[in-house]
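# any chance you can model this:
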Amino acid sequence: MKHVEDYLDPRNAEGMPNLADSAIALDFLLGIKTGIRNYGFAITETANPELRRILHRQMEAAIDLHSEISDLMIKKGWLNPHNLKEQFPVDVKAAETAIQIAELHLFPKDTDRRGMFATPNQ
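Residues are numbered from 1 along each chain as shown. The predicted structure follows:
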């Protein structure tokens, strides 16, 4: 695992757009799954037939969206649900990247910024 010394150096951003896209897609996928589960709960908790039909249609739309996002992630190689040997390196890379980001010193000890901004008339 390569240690990033300077996170501001553009050379250290290689591959980052792809990692960011895959993370956003995974977060979206997980949000959709939560929504589908919540629709299921809501359908079983309502006594109003019209509301039940509306929730059911929304749940079906969420299921369709889940399929679209899953298919995109599989096509891009971000998700390999049927092949653990292919998925494992993807997950390891994501974990290593998360550790690298967590280890970055993003905030300096000296946060005094006096004199660093434009000061007109001085």
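# which other helices and strands contact the one helix or strand in the chain whose mean pLDDT sits lowest?
Least confident helix or strand, the chain: helix 84-103 with a mean of 85, by mean pLDDT, DSSP states H and E. When contacts are defined as 3 or more C-beta pairs under 8 Å, 6 or more residues apart in numbering; DSSP states H and E, helix 84-103 packs onto helix 16-45. C-beta here means a position set from N, CA and C on the backbone, and glycine is covered the same way.
# angle of the helix it packs on against helix 84-103?
110 degrees (axes from the mean of the first three to the mean of the last three C-alpha atoms, to 10 degrees).
# buried residues, helix 16-45. List them.
Residues of helix 16-45 classed as buried by neighbour count (16 or more other C-beta atoms under 10 Å): Leu19, Ser22, Ala25, Leu29, Ile32, Gly35, Ile36, Tyr39, Ala42, Ile43.
# helices or strands up against that helix?
Right, helix 16-45 is packed against helix 49-76, helix 84-103 by 3+ C-beta pairs under 8 Å, 6+ apart.
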